[in-house]
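Visitor: Requesting a structural model of the entry that follows:
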Amino acid sequence: MPSQPSTPDAANQRLARTLCCAVDGAGKPRHQIAREAGLHKDTLLRVIRGERPINLDEATRILEACGAPARATLALVLAGHEALAAQWMHHEMGAFLEEFFSALPGELHEALGDRIGDLRPRWAIGTSRLVARMLSKHIDEFADRDLSLAIGR
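Guide: Model prediction:
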């Protein structure tokens, strides 16, 4: 569930906390992350402390230097899901969302065509639940198939 009001300062603080998690979980020195992101190390420190405003381009470069899926992480933070962004950025779920967010617009356009205008925003939550249930079922089917193959050997 989204949290916190969406003022520019609050958004910057959420982004700073998320970038701090990315830097801390990157497994490389901060000076190396700063260099790879094209920032001075002191600038990086001020950013992750929330002492300096950050734009999306800089945030993207920092996340990429940390090995985190930038688009998925930023989308989660901007949608008010800071905790999930921090939890998933160094996890397969972050990589999944990165691919999902990249592919979804094109797939929707191709599947719906001219019917895109018929979509209603109120359908979004139900659709997200349907997709989550389908993914869960798909994972269960793969696990069952793997188990039956292992037992059959």
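Visitor: Give me the buried positions along stretch 87-97.
Guide: 88-90, 94, 97 (16 or more other CB atoms under 10 Å). (Glycine included, C-beta is placed from N, CA and C.)
Visitor: what's the farthest-apart pair in those?
Guide: His90 and Leu97 (12.7 Å; CB to CB).
Visitor: what's around Gly80, how many residues?
Guide: Neighbourhood size, Gly80 [other CB atoms under 10 Å]: 17.
Visitor: how would you label it: helix, strand or coil?
Guide: Here Gly80 is recorded as coil under DSSP: H, G, I helix; E, B strand; the rest coil.
Visitor: got it, and Arg17?
Guide: Secondary structure, three-state DSSP: Arg17 is helix.
Visitor: Kindly report the same for Gly106.
Guide: Quick answer, by three-state DSSP: Gly106 is helix.
Visitor: next one: Ala10
Guide: helix.
Visitor: what pLDDT, on average, does the helix ranked longest in the chain get?
Guide: For the chain, the helix reaching the highest residue count under DSSP state H is reported as helix 123-151. Mean pLDDT, helix 123-151: 86.
Visitor: heads up, I number from 577, so please use that
Guide: In the new numbering, first residue 577, that becomes helix 699-727.
Visitor: buried sites along stretch 597-617?
Guide: Neighbour-count burial for stretch 597-617 flags 597-599, 602, 609-610, 612-613, 615 (criterion: 16+ other CB under 10 Å).
Visitor: wait, which of those is closest to Arg691?
Guide: Ala598 (38.5 Å).
Visitor: tell me the contacts of the closest residue to that closest one other than its chain neighbours?
Guide: Sequence neighbours aside, Cys642 is the residue nearest to Ala598 in space, at 4.1 Å (criterion: CB to CB, 6 or more residues apart in numbering). Listed by CB atoms under 8 Å, 6 or more residues apart in numbering, the contact set of Cys642 reads 598-599, 601-602, 604, 609, 665.
Visitor: give me the number of residues near Asp716?
Guide: Around Asp716 there are 10 other residues, counting by other CB under 10 Å.
Visitor: swap in Leu591?
Guide: 26.
Visitor: and if you look at the one 5 residues further on?
Guide: Burial of Cys596, expressed as a neighbour count using other CB under 10 Å, amounts to 17.
Visitor: All good on my end, thank you.
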